[in-house]
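In: for reference, the sequence and a predicted model appear below.
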Amino acid sequence: MLEQPRRCINALKILNMYNIVFEMILFLLFISGFLNIFLESVISKLNYTPSIWNSFGFFIIVIVYSGLMILMLRLNMDTFILRGMPVTLWFCPIFLFAIRDDLKRFYKIKFLYFIPAIFFMKLYILINLNLSHNEIIKTAYFIMLHITTVVVMGCIFFFGFVCILKGLIVDSQLKYLVFFSILYWVVYTSFFVSFLILELNFETDSTLWNLISYLFLLIIVIFLTIENIVQFKKSTNYIKNEEVSIPVKYTKSKKNMDDLHSYKYHVDKLLQQEVYLIHDLNLDDLSHQLKIPKHYLTQVFSFVYQSNFKQIINKHRILYAAKLINEDCNKERIDDIAYSSGFSSKTSFYRAFKNEFNCTPLEFRKKSPGKIH
């Protein structure tokens, strides 16, 4: 007789504990969103490249959504209202924009990526306006929502993974985010499949699923917050650092030589990752990857390398091409080697090769193989 009441009491305790933890996570998300918007605005004003996502949109969604969830929890609203919102579908396009920003492949019609989120948001509102709350409709909504989320997340996250395999993403922080997001996709998909197999109720039995999902989101936000704090410290150090006299055209952005040599170290590390093999690589791309302002990179190439960006990149490409020619057992076409080395134009490849080795690639191939330094 007493067993049933005890179970009810234990269930209520677990539910209360869940609500406390859930509200704490939402509160941290809410505060972190405002903190990151402040940091990014200050960083932008100091003319320093913002965080890897470079977007207020992500944190605005975090603030709005976490604020709404806290309010709904306080008002003890229906579980469907709390768990039916298509929040993940709102974040997926922003993740894609982060990858496309890294690749410099933006589309002008970004709003199209939000169509799934907008569609399910309309369904969510319509179901909530329906006072009868038909359980069959709710179940159908949850299944449709989770199938769409699994497919959209899978496509976007694995697109990022393919970009990493092809060497199109070299930013280490963005790589970590891609791998972490794929892990989240695996967990999300596992929960969804288990709910279908065990025939669990998506509205009432998804307590643990929701908690883990928000923990993943919190970890991502904390990761981005740490990144923004690091960038904020770097950007403020630019103002504090001692400056030296350099040519007049740089008087508005003077930098001491110690800083420039420090930046060169980071440029060298990126070049070791063969970033020069990316076609149409430019100084803006390098600035984005290194989180160093473009005008400081220009000074690095001018005063430390005693050269310019184009010459340094072409030199690395030519040395890479010469290495391919030396190691080429199948006599690959020179034009193919040029393209594999990062050149988009045959003319620029042949001209740069002759400037470096004082001979054409074909003449170089006829010579005995040697080590390229």
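Out: The structure has been received and is ready for your questions.

In: CA atoms only: put stretch 279-289 into CSV for me.
Out: The C-alpha trace of stretch 279-289 is given here as CSV (Å, rounded to 0.1, in the frame of the first residue of the first chain):
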residue,chain,number,x,y,z
HIS,A,279,42.6,28.0,-54.7
ASP,A,280,41.9,31.7,-54.6
LEU,A,281,43.4,32.0,-51.1
ASN,A,282,43.7,35.7,-50.2
LEU,A,283,44.8,37.9,-47.3
ASP,A,284,41.2,38.1,-45.9
ASP,A,285,41.1,34.3,-45.7
LEU,A,286,44.4,34.3,-43.8
SER,A,287,43.2,37.0,-41.5
HIS,A,288,40.0,35.0,-40.7
GLN,A,289,41.9,31.8,-40.1
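
In: and that stretch, which residues are buried?
Out: Under the neighbour-count criterion of 16 or more other C-beta atoms under 10 Å, stretch 279-289 has 281, 283, 285-289 buried. To be clear about C-beta, it is placed using only N, CA and C from the backbone, and glycine gets the same treatment.

In: what about it, distance to the chain center?
Out: Here stretch 279-289 is found 16 Å from its chain centre; the criterion is C-alpha atoms, centre = their mean, to the nearest Å.

In: same check, this time on stretch 304-312
Out: Centroid separation for stretch 304-312 versus its chain: 29 Å, with C-alpha atoms, centre = their mean.

In: what is the end-to-end distance of it?
Out: For stretch 304-312, the first-to-last residue distance is 12 Å (C-alpha to C-alpha, to the nearest Å).

In: same check on stretch 64-83?
Out: 15 Å.

In: who touches that stretch?
Out: Identification of contacts with stretch 64-83 by C-beta atoms under 8 Å, 6 or more residues apart in numbering yields 19, 22-23, 26-27, 29-30, 33, 85, 87, 90, 127-128, 133, 138, 202-204, 206, 210.

In: now it: average pLDDT?
Out: Confidence for stretch 64-83, expressed as mean pLDDT, is 78.

In: what about stretch 29-38, average pLDDT?
Out: pLDDT averaged over stretch 29-38 gives 86.

In: which parts of it are buried?
Out: By 16+ other C-beta under 10 Å, the buried positions in stretch 29-38 come out as 29-30, 32-33, 36-37.

In: okay if I get those residues as TSV plus secondary structure and distance to Leu71?
Out: Output for those, formatted as TSV (DSSP: H, G, I helix; E, B strand; the rest coil; distance: C-beta to C-beta, whole Å):
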residue	secondary structure	distance to Leu71
Leu29	helix	14
Phe30	helix	11
Ser32	helix	18
Gly33	helix	15
Asn36	helix	21
Ile37	helix	20
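
In: what about Asp335, how many neighbours?
Out: Residues near Asp335, counting by other C-beta atoms under 10 Å, number 13.
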